[in-house]
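Enquirer: any chance you can model this:
(3 chains)
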Amino acid sequence: MSSIKIKLKKQDIDKIKEITASFNNEEHELINVLHKCQQHFGYLPAEVQEVISDEMDIPTAKIYGIVTFYSFFTMTPKGKNPISICMGTACYVRGGEKVLDEFKKELGIEAGQTTKDGKFSISSLRCVGACGLAPVVLIGEKTYGRVAPDDVKEILAEYK
Amino acid sequence: MSGYSMHLLVCGGTGCRASHSEEIEFKLRNELEKRNLEDTVKVLSTGCFGFCEKGPIVKVMPDNTFYTGVTPGDAEDIIAEHVVLGRTVSRLIYEDPSSKEKVPDSKKMGFSKKQLRIALRNCGFINPENINEYIAREGYMALGNVITDISPEDATRLVKDSGLRGRGGAGFSTGLKWELTAATPSDEKYVVCNADEGDPGAFMDRSILEGDPHNVLEAMAICGYCIGADKGLIYIRAEYPLAIERLKTAIKQAREYGLLGKNIMGSDFSFDIELKYGAGAFVCGEETALIHSMEGLRGEPSLKPPFPSVKGYNGKPTNVNNVETLANVPIIFLKGADWFSSIGTEKSKGTKVFALAGKINNVGLIEVPMGTTLREVIFEIGGGIKDGKKFKAVQTGGPSGGCLTENHLDTPIDFDNLIEAGSMMGSGGMIVMDEDDCMVSVAKFYLDFTVEESCGKCAPCRIGNKRLYELLDHICSGKGKVEVLDRLRLMSEVIKDTSLCGLGQTSPNPVLSTLDNFYDEYHAHVSDKKCPAGQCKDLMEYFIIEENCVGCTACARVCPVNAITGERKKPHEINQDICIKCGACMEKCKFDAIIIQ
Amino acid sequence: MDTIKLTIDNKQLEVEKGTSIYNAAKSIGIDIPVLCYMSMKDLCIENKPAGCRICVVEVEGRRNLAPSCSTDCQDNMVVRTHTPRVLNARKTVLEFILSDHPKDCLVCPKSGHCELQDMAVKMGIRKIPGEEIAEMSTYRLDTSPSIIRDLDKCIMCRRCETMCNEVQTVGALSAVNRGFYAAVAPAFEQNLEHSPCTYCGQCVAVCPTGALTEVDHTPEVMTHLADPKKTVVVQTAPAVRAALGEEFGLEPGTLVTGKMVTALRQLGFDYVFDTDFAADLTIMEEGTELLNRLSAHLKGDKEIRLPILTSCCPGWVNFFETYFPDLKNVPSTSKSPQQMFGAIAKSYFAEKKEIRREDMVVVSIMPCLAKKYECQRDEFSVDGNPDVDLSISTRELAAFIKQANIDFDSLPEGEFDNPLGESTGAGVIFGATGGVIEAAARTAYEMHTGKNLEKVDFEQLRGMDGVREATVDFDGLPINIGIAHGLGNARKLLDDVRSGKSKYHAIEIMACPGGCIGGGGQPQHHGQTEILKARAAAIYTEDKNKKIRKSHENPFIKELYSTYLGEPNSELAHKLLHTKYFDKKKKIIVNQ
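Expert: Next comes the predicted model:
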């Protein structure tokens, strides 16, 4: 056992403190706190979890246990243009997997990874509820419906 | 809707928004202003119409004209032609896929005819961001009546008498659930709305929250009055930003109108609602897991009893209902228990919302009376199978449900019939599959989902489902022997029998139902090493048809593993031992000389 | 009392309302197999995630099988515990568990003591279907100074998580990840060394498999024993003699002090000494410190902080350094008996025998895993040479004896060597909760009052309640004593100390439930509280049988002071026998 030292910028620590304080540091608000922190930092690195642990008096192990339980939380930074491919059943039966494969092939990364230049990251998600547009791809806030593997190059070109 | 002679309803659901419906709305207003018509014709953004396949949708009232596949560029024509000249824009009119007839009146469309909208009654009719429109359609009237005129006990009895059953999965009596929570004495109780819709391919809850949020808020307040709770919580997926925004707006408006908060409508009854966010865990649809998640913990289910009605959120009695269940509540109070129980079958009352998707012409959100047959849903409302293919199966109940076949098409849909058929109602996902779908792969798809979503708490679900998935993968890759089919069934039955929560207790259903209904297809995979639907890559072989091959060598050049040989201008050949089945040759061939078998 | 009538395997029985099917069945002699469930009622420890699903039974009228550990009996329930359906389900679930478990039983440190292995034998598992295509969930091996985590062997019973969080409130471990890759691990799946782990070893004590085991130091001990240049001195902690016999099939609570001494001698240790001697020494130092602080306090010295806290337990020391560093001036500065022994052995004894420090090896036999870490702390060494070189657990000693082919049961009773082998009853009771403070009370009473203590048994300080308190009359001066065992209970008393609400003059804390007898290095108790109780009883019997029962009456202690240390808390005593504590709280450093 050794004492743990974490280095974070003051403004980052202050931001986390502000977030936890806005939920009165109440333990049952942990998931809401994590949502807010992820919104702010884009992801939940270990340092952020340590500060939350300190502020809310919850063991870091427990926070990490929660971060790794919920697929919405991530400890790796997403790309500038996060690509989410819907893998809900409706999208699956209409070829969502092939679209995912095409994105992976084009960008040379696996789902859950970010390209080296930090521009793109790929993740699969479960049903955005736009089944009428299946298969659906989200890039950032923008939705692409009825995507075919052939469209992938063209879509990516918009962001290059 | 007074003051205006005409209303243009633009769908503002997630699907249509993704197809630029906001821009359409803007353009329509623009066109009206150009013609100084903004005071006579009103453009409204509504919730989902349900007909997502043909979105974006613009509906013209009062004549019910239903424009489909509208683009921002069509706005000018809609105003110039329809609004000004009274002529419908025929290119935007829905065409019946079988009769090829244009059907301008939404009520006469096959998609609408068999539907009965109770939970969805306001979706697509009102602007969900304006409380006045909800109130104009008798909104908050039920709440007013209940808290002023009816005792909590009588109100609960009314819900019980209506026969309403939970729409989230298991179909437990809603009234009875309220009664149990009411019967547990406590200084603090909670009403929880389960909006953690995680079923892949289901989006009814999202549509209701986006299209008619006040309906759910009102129902929660009524429930609060009945069970003696003054606090409501909505557990909603963080992946539903639009629904979250609309709920926030609705809660704010309801508070301003005194319909939420302290002393509602001047009565002694106080009730307020807060949002809690899910973070992407399907298992949190299970009520004990949901409660743990709201408490800031890992969303692991715990054993029942104790039930949430006794020990729930923060250890207090908690009533958990899903969105669609709640959406039925206010109208039951307005129209009565008898009215509601007159709809549906003997044991399943009212209607059910289904998210119809897959290989079907009319993808969308539909609501039908219980007892409607699968055939009516798929072929009449759904408009039949896409591209004229043959119907093969329909999966209901998502990863917890089963695949039903042609033999079940005339089964009236209700809770009990679906279970008897080897599936379940679930939350209402309905995925249609055609002849091209391999049922072993479909089962594998669902198991993949379960494996990813299992919380890991109990051994059969954590490991057993993984083993089921591996075995299915083994079969799909052509390595399985006939004996594995027995093992598949044995494992499935034990997982069902021993798992801790509903996730594991139902996760083998897709396997068991496909084993029962499509045994031959499994058998073909393991004994003949063939995938009849031609989906399993490892069981396919690429062949060159000699007669079609001109020997252009394009295939040989593109093959990454040099599996194709042949002389120039002579038919080529694929060496099956080398071929990795990437399909590049087939893509490249201009003469249709390469086929898969 | 409400009772419930039900039928289990065709036998009718009546049980108290709220009884689980598992316990009801047990009451009529039906032992339903369990893997995850663990209940130590008297210690308020319960692990009931209903996760392993091995204990399922058939309940008439119920759709699926019921986990008997967490399903309460209902009136007129008809339960069947071994139908073909039940047996088939159990076996299949066990096959699932085994399919994700390494099959290296032959070389697993838990082999022979593994609950999963026993279960596989019991269920007659011969083959694991589908093994060829089964992926295993694998994790990085983590070795810390005390504990090894081999999560490939984790079956998610969650017992360690319960111990670490609910019982010990340490919070080093949590369930992490989801589904197939779920496991119990420290934050960010780092090594324990980088977590707030106190090395109390309670996770190891309850782990049913080889996922959590101790770092084995026996090979190093053997190397030293083989080296003719080295004088190898061994010390044995009080709790070891009350539990070692269990490893050789003796009844829990059998005292094996004499056999243990003989065995150690046969193993080749040059001197077999007793940590109890050092315990007596601890009492002299700590008792004096208590009286000094007390009298200063009574004189109105505001600088003096009371209560004084015992500091014998290294898990507890780690705990307050991490969670209560602001109170680091409150505990006694006396080293633990293990470290006092090492310091005296390598000074007083080495000088006496003219053995060079570097030629002497001190080995300790401890019921504890935190001791392995403690002896490695920098402040307990001189020029890089540690006072205590190696610490091995009761379990490691048992394995060593078996390895040496020594027939333990037939060994003659041996006697400890002198001078560091003589001890009093007060030193012995250090092994059970309440023992340290009772031993201190015996000496402090006489030191303070100058009178002879007639009745040395302070029954009011004994027992198994997690937090206990008693007032001891020091001839008109009431001394308030608090006792906690288990770190969660300690935290309660510490919170009061921190807020200034504590009414005690002295508090004894032991990290492990039951005290050292329930330590992380003891033979596995598999959740049976009766075993801990039997060990405690044995310790008090040993105390009773001792001719001398007060530390200050130990003739060799007297000699040590008169010929070497001077008096308790003297300058030399401070140098050798006292220590200081460190702030080990997590630091958040601003990066400008």
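Enquirer: quick one: low-confidence parts of the stretch 1-150 of chain C?
Expert: For the stretch 1-150 of chain C, the stretches flagged by pLDDT under 70 are C:1.
Enquirer: which bits of it sit near chain B?
Expert: Residues of the stretch 1-150 of chain C lying close to chain B by C-beta under 8 Å from any C-beta of the partner chain are C:49-54, C:56, C:64-65, C:67, C:70-72, C:85, C:88-89, C:92-93, C:96-97, C:99-100, C:129-130, C:133-135. Any C-beta I mention is one placed from the backbone N, CA and C, and that applies to glycine too.
Enquirer: are any of these buried, and which?
Expert: Buried by 16 or more other C-beta atoms under 10 Å in any protein chain shown: C:49-54, C:56, C:64-65, C:67, C:70-72, C:85, C:89, C:92-93, C:96-97, C:99-100, C:129-130, C:134, out of these.
Enquirer: what segments of chain A are helices?
Expert: A:10-22, A:30-41, A:46-56, A:60-67, A:89-93, A:96-107, A:152-157 (DSSP state H).
Enquirer: can you list the ones you listed in CSV and add mean neighbour count?
Expert: Compiled in CSV, the helices of chain A are given as follows (neighbours: other C-beta atoms under 10 Å in any protein chain shown):
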stretch, mean neighbour count
helix A:10-22, 16
helix A:30-41, 20
helix A:46-56, 21
helix A:60-67, 26
helix A:89-93, 30
helix A:96-107, 18
helix A:152-157, 14
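Enquirer: residue contacts, the residue nearest to residue B:87 when sequence neighbours are not counted?
Expert: Spatial nearest neighbour of residue B:87, excluding adjacent residues (C-beta to C-beta, 6 or more residues apart in numbering or on different chains): residue B:81 at 4.9 Å. Contact analysis of residue B:81 by C-beta atoms under 8 Å, 6 or more residues apart in numbering or on different chains lists B:87, B:88, B:89.
Enquirer: try it again at 10 Å.
Expert: By C-beta atoms under 10 Å, 6 or more residues apart in numbering or on different chains, the contact list for residue B:81 reads B:74, B:87, B:88, B:89, B:90, B:92.
Enquirer: which of those sit farthest apart?
Expert: Distance extremes for the contacts of residue B:81: the farthest pair is B:74 and B:87 at 13.9 Å, using C-beta to C-beta.
Enquirer: show me which of those two is the more surrounded one.
Expert: Neighbours per residue, other C-beta atoms under 10 Å in any protein chain shown: of residue B:74 and residue B:87, the larger number sits with residue B:74, 20 against 11.
Enquirer: for the more buried one, phi and psi?
Expert: Here is the backbone geometry of residue B:74 (degrees, to the nearest 10): phi -80, psi -10.
Enquirer: and the residue nearest to it when sequence neighbours are not counted, how many neighbours?
Expert: Closest residue to residue B:74 apart from its sequence neighbours, by C-beta to C-beta, 6+ apart: residue B:92 at 6.0 Å. Using other C-beta under 10 Å, residue B:92 is surrounded by 23 other residues.
Enquirer: hang on, the earlier thing: for the residue nearest to residue B:87, which three-state class applies?
Expert: Three-state call for residue B:81 (DSSP: H, G, I helix; E, B strand; the rest coil): helix.
Enquirer: who's in contact with the residue of chain A found nearest chain B?
Expert: Across chain A, no residue is closer to chain B than residue A:132, which sits at 2.5 Å (C-beta to the nearest C-beta). By C-beta under 10 Å, 6+ apart, the contact set of residue A:132 is A:90, A:145-146, B:13-16, B:18-19, B:48, B:50-55, B:203, B:355-357, B:362-365.
Enquirer: pLDDT weak spots in chain A?
Expert: Applying pLDDT under 70 to chain A flags residues A:1-6, A:129.
Enquirer: tell me which element residue B:393 falls in.
Expert: Residue B:393 is part of strand B:391-396 when elements are defined by DSSP states H and E.
Enquirer: name every strand pairing with that strand and say which way it goes.
Expert: Using DSSP bridges, the strands paired with strand B:391-396 in its sheet are strand B:402-404 (antiparallel), strand B:429-434 (antiparallel).
Enquirer: okay, now the closest residue to residue C:543 other than its chain neighbours: neighbour count?
Expert: Closest residue to residue C:543 apart from its sequence neighbours, by C-beta to C-beta, 6+ apart: residue C:425 at 3.6 Å. By other C-beta under 10 Å, the residues close to residue C:425 number 27.
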